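1. Attaching a predicted model along with its sequence, questions to come.
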Amino acid sequence: MSVNELLNLVFRWAHLIAGIMWIGNSMLFNWLDRNLVKAGAEERLSQGKIWMVHSGAFYEVEKKLLEPGQMPSQLHWFKWQNGFTWLTGISLLVVVYYMGGAAALVDPRVRALDPEVAIAISIGSVIAGWAVYDLIWRVLEKQPGVATALSFALLFGAAFAFTRLFSGQGAYMQTGVLMGTVMTGNVWMRILPSQRSLIAATRAGKEQDALLSQRAKQRSIHNNYLTFPLLFIMVSNHFPSATHNHLNWLVLFVLMIGGAAVRHFMNVRYAGKLWLGPAIVFGALTLAGVMVVTRIDRPQVPAAAGEVRFARAQEIILARCIQCHSATPTDDVFRAAQGGVMFDSPEQIQSKKDRILERAVRQESMPFNNKTGITPEERGELRKWIESGASLQ
């Protein structure tokens, strides 16, 4: 196992664990907020209680404010789950997309960027994204409708721009990093300061700044709605029909809107509003939208004229694919056969004919970012060989 692959494994595993903890905590606290039983008027500082059963015992949870000067000896914070999720995510971005000459980030068929330029755009867009988003909500905090519309427009604009600058997979990941950075900025720059202010005011016997509390709640709601779209992006590299589609930006928009909408209906459930039916309908519409968009064919590579024998198909595969798809890869980045696919023998090539047709001809997502420079004519020859029966003769 190479150092790059080892780092990929460690950071991806840690990212998954931290993400589960962060998003799980977020969803639990949102659930608690919406299911607390309101206390009576005699319990002035209580905002509600709830009884739960789990792991063989009962839990009593209460949400409350404290009297000025009253402070528990132990107070648990929920911040490092988010911090480690973001840090491991950025580490993955560096290992997978920046190292190795930004091979996974740059696709010459999309934009022939120098690796240094692509990395600079990637870093700069994340920093600028948080700064612009935060400015919008600070300036327009009393006009949330306008701020929401502007935020969505800029997010979709950024995602579309990424699909015109980076590889399909890189564009999705860049959008995810931007969203994750916004969510992390909300936690560390807006939500945690409000909590520190609450603690400091309680210790000093003063009232908390209500504006900080309102901003924190507002940003927490934003994070809540970004959760489902971000979760899809985290696993999107497993779905080349989305990331490498010629309308990949539209597929992303449909999934982002659909994910946020389903999350919305899950939220209104706790306000006693109708939710299950609309959530199912919106989920079904989202899936139908993805099916429709991904079936809008790009102009297909025409099959080659005349007969294409196996010897020619094998020649193309040995020139364009074997570097990564072999028991002994020679690629400078991928040191193991990607997806376990190997083309070392004629039988291995023939057994993967459907996959070759889908990935190399229809989607044109292989070779990866066309690193080996396969030509449209060669794709057409592969198509002709496969559609003619993929004989080994």
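-> Perfect, thanks for sending it. All values derive from a computational prediction rather than experimental measurement.

2. show me where the stretch 1-150 of the chain has strands.
-> Using DSSP state E, counting those that start in this stretch, the strands found in the stretch 1-150 of the chain span residues 46-54, 57-64.

3. Dump these into a markdown table; add mean neighbour count as well.
-> Any C-beta I mention is one placed from the backbone N, CA and C, and that applies to glycine too. Listed next are these as a markdown table, based on neighbours: other Cβ atoms under 10 Å:
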| stretch | mean neighbour count |
| --- | --- |
| strand 46-54 | 12 |
| strand 57-64 | 11 |
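
4. Tabulate those strands in CSV, adding columns for mean pLDDT and distance to residue 76.
-> Supplementary listing: the strands of the stretch 1-150 of the chain in CSV, determined by pLDDT from 0 to 100; distance: least, Cβ to Cβ, whole Å:
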stretch, mean pLDDT, distance to residue 76
strand 46-54, 89, 17
strand 57-64, 90, 13
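
5. For residue 303, find the nearest of the ones you listed.
-> Within those, the stretch nearest residue 303 is strand 46-54; the backing value is 60.0 Å (Cβ to Cβ).

6. between that closest one and strand 57-64, how big is the angle?
-> On the basis of axes from the mean of the first three to the mean of the last three Cα atoms, to 10 degrees, strand 46-54 is oriented at 160 degrees to strand 57-64.

7. so how far is residue 234 from the nearest residue to residue 184 once chain neighbours are set aside?
-> Counting by Cβ to Cβ, 6 or more residues apart in numbering, residue 184 lies nearest to residue 86, which is 4.2 Å off, once chain neighbours are set aside. From residue 86 across to residue 234, the span is 12 Å (Cβ to Cβ, to the nearest Å).

8. Show me what the one helix or strand residue 381 maps to is packed against.
-> Residue 381 is located in helix 376-387, with elements delineated by DSSP states H and E. When contacts are defined as 3 or more Cβ pairs under 8 Å, 6 or more residues apart in numbering; DSSP states H and E, helix 376-387 packs onto helix 310-320, helix 353-356.

9. If you count neighbours, what's buried in the last one?
-> Judged by neighbour count using 16 or more other Cβ atoms under 10 Å, the buried positions of helix 353-356 are 353, 356.

10. do the same with the longest one
-> Within helix 310-320, the residues that qualify as buried by neighbour count (16+ other Cβ under 10 Å) are 312-314, 316-317, 320.

11. Run through the helices of the chain in chain order.
-> Ranges of helices in the chain, per DSSP state H, are 3-35, 80-92, 115-139, 144-163, 168-185, 192-204, 210-235, 240-243, 248-269, 276-294, 310-320, 346-351, 353-356, 376-387.

12. Out of these, flag the one nearest residue 57.
-> Nearest to residue 57, of these and by Cβ to Cβ, is helix 3-35 at 17.2 Å.

13. now the angle between helix 168-185 and the closest one, please.
-> Using the same axes, to 10 degrees: helix 3-35 against helix 168-185 is 50 degrees.

14. now helix 3-35 against helix 210-235, angle please.
-> 130 degrees.

15. Tell me the helices and strands packed up against helix 3-35.
-> Counting contacts by 3+ Cβ pairs under 8 Å, 6+ apart, helix 3-35 packs against strand 57-64, helix 80-92, helix 210-235, helix 248-269.

16. could I get the ones you listed as a markdown table with distance to residue 51?
-> Putting these into a markdown table (distance: least, Cβ to Cβ, whole Å) gives the following:
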| stretch | distance to residue 51 |
| --- | --- |
| strand 57-64 | 6 |
| helix 80-92 | 25 |
| helix 210-235 | 24 |
| helix 248-269 | 20 |
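
17. With respect to residue 59, which of the helices of the chain lies nearest?
-> With Cβ to Cβ as the criterion, residue 59 lies closest to helix 3-35 of the helices of the chain, at 10.7 Å.

18. Any buried residues in that closest one, and which?
-> 7-8, 11-12, 14-15, 18-19, 21-23, 26, 30, 33.

19. and what of stretch 141-150?
-> 147, 150.

20. average pLDDT across it?
-> Averaging pLDDT along stretch 141-150 gives 92.

21. got the contact list for that stretch?
-> 136-137, 140, 215, 218 (Cβ atoms under 8 Å, 6 or more residues apart in numbering).

22. What ranges in the chain fall below the confidence cut-off?
-> For the chain, the stretches flagged by pLDDT under 70 are 1, 41-42, 270-272.

23. For residue 75, see how far away the residue nearest the centre of it is.
-> The centroid of the chain falls nearest to residue 233 when counting by Cα atoms, centre = their mean (2.3 Å). Residue 233 is 34 Å from residue 75, where distance means Cβ to Cβ.

24. cool, and residue 238?
-> According to Cβ to Cβ, residue 238 and residue 75 sit 40 Å apart.

25. Then residue 54?
-> In this view, residue 54 and residue 75 are 22 Å apart by Cβ to Cβ.

26. before we move on, the earlier item: out of the helices of the chain, deepest packed?
-> Of all the helices of the chain, helix 168-185 has the most neighbours on average by mean count of other Cβ atoms under 10 Å, namely a mean of 24.

27. From the chain's centroid, how far away is it?
-> Put simply, helix 168-185 sits 6 Å off its chain's centre (Cα atoms, centre = their mean, to the nearest Å).

28. what packs against it?
-> The contact analysis (3+ Cβ pairs under 8 Å, 6+ apart) places helix 168-185 against helix 80-92, helix 115-139, helix 144-163, helix 210-235, helix 240-243, helix 248-269.

29. rerun at 10 Å
-> Judged by 3 or more Cβ pairs under 10 Å, 6 or more residues apart in numbering; DSSP states H and E, helix 168-185 is in contact with helix 3-35, helix 80-92, helix 115-139, helix 144-163, helix 210-235, helix 240-243, helix 248-269.

30. Thank you, goodbye.
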